[in-house]
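Q: Quick one: sequence plus predicted model below, questions after.
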Amino acid sequence: MSEPEGTALYDAVGGLPFFEALVDRFYAGVATDDILLRLYPAPDDLRDARRKLTLFLAQYWGGPPTYSEERGHPALRIRHAPFAIGPLERDRWLHHMLAAVADLDPPTEVRRPLEEYLTMAAGALVNSDEGSVSD
């Protein structure tokens, strides 16, 4: 497989099933993480969150524009502004996302851009020095 560039990654990984599997593994971790669960409006039912993340990631990496058709421009910082996301939440989110990528064990030419993007995205969503955890 040649190195995927930008949106070519969607095709390189075989399309939507890869992103569904990635998000399923990610949310398996989230479901056991009290720090992250408190950020979700419906922590007992993460189906809607799973669907949104799957569609977003698939679209970002070159898949169909379903996310934007249903929800408009991603505007990730604005969409996450109501939630206090600090360094701890960032680190927990990134831990579960990188574990999901590792679990799928994609080739390096897929893993590298995924991990770089996820690391950047996690950092970009921090909007609080302390996050949702208070002493």
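A: The structure has been received and is ready for your questions.
Q: neighbours of Ala12, just the number please.
A: 21 (other C-beta atoms under 10 Å). Using the backbone N, CA and C atoms, a C-beta is placed for each residue, glycine as well.
Q: wait, isn't it in contact with Val110?
A: Yes. Contact criterion C-beta atoms under 8 Å: Ala12 and Val110 qualify, at 6.0 Å.
Q: residues in contact with the residue nearest in space to the middle of the chain?
A: Centroid check for the chain by C-alpha atoms, centre = their mean gives Leu53 as the closest residue, at 5.8 Å. By C-beta atoms under 8 Å, 6 or more residues apart in numbering, the contact list for Leu53 reads Val23, Phe26, Tyr27.
Q: so how far is the lowest-mean-pLDDT helix or strand in the chain off the chain centroid?
A: Ranked by mean pLDDT, DSSP states H and E, the helix or strand of the chain with the weakest confidence is helix 76-80, at a mean of 76. Counting by C-alpha atoms, centre = their mean, to the nearest Å, helix 76-80 is centred 13 Å from the centre of its parent chain.
Q: And the next helix or strand past that helix?
A: Downstream of helix 76-80, the first helix or strand assigned by DSSP states H and E is helix 87-104.
Q: by contact count, what packs against that following helix?
A: Packing contacts for helix 87-104, counted by 3 or more C-beta pairs under 8 Å, 6 or more residues apart in numbering; DSSP states H and E, involve helix 16-30, helix 34-37, helix 108-124.
Q: got the angle for it vs helix 16-30?
A: Orientation of helix 87-104 against helix 16-30 (axes from the mean of the first three to the mean of the last three C-alpha atoms, to 10 degrees) gives an angle of 130 degrees.
Q: okay, now the residue nearest to Leu16 when sequence neighbours are not counted: neighbour count?
A: What sits nearest to Leu16 in space, not counting adjacent residues and going by C-beta to C-beta, 6 or more residues apart in numbering, is Ala58, at 5.4 Å. By other C-beta under 10 Å, the residues close to Ala58 number 24.
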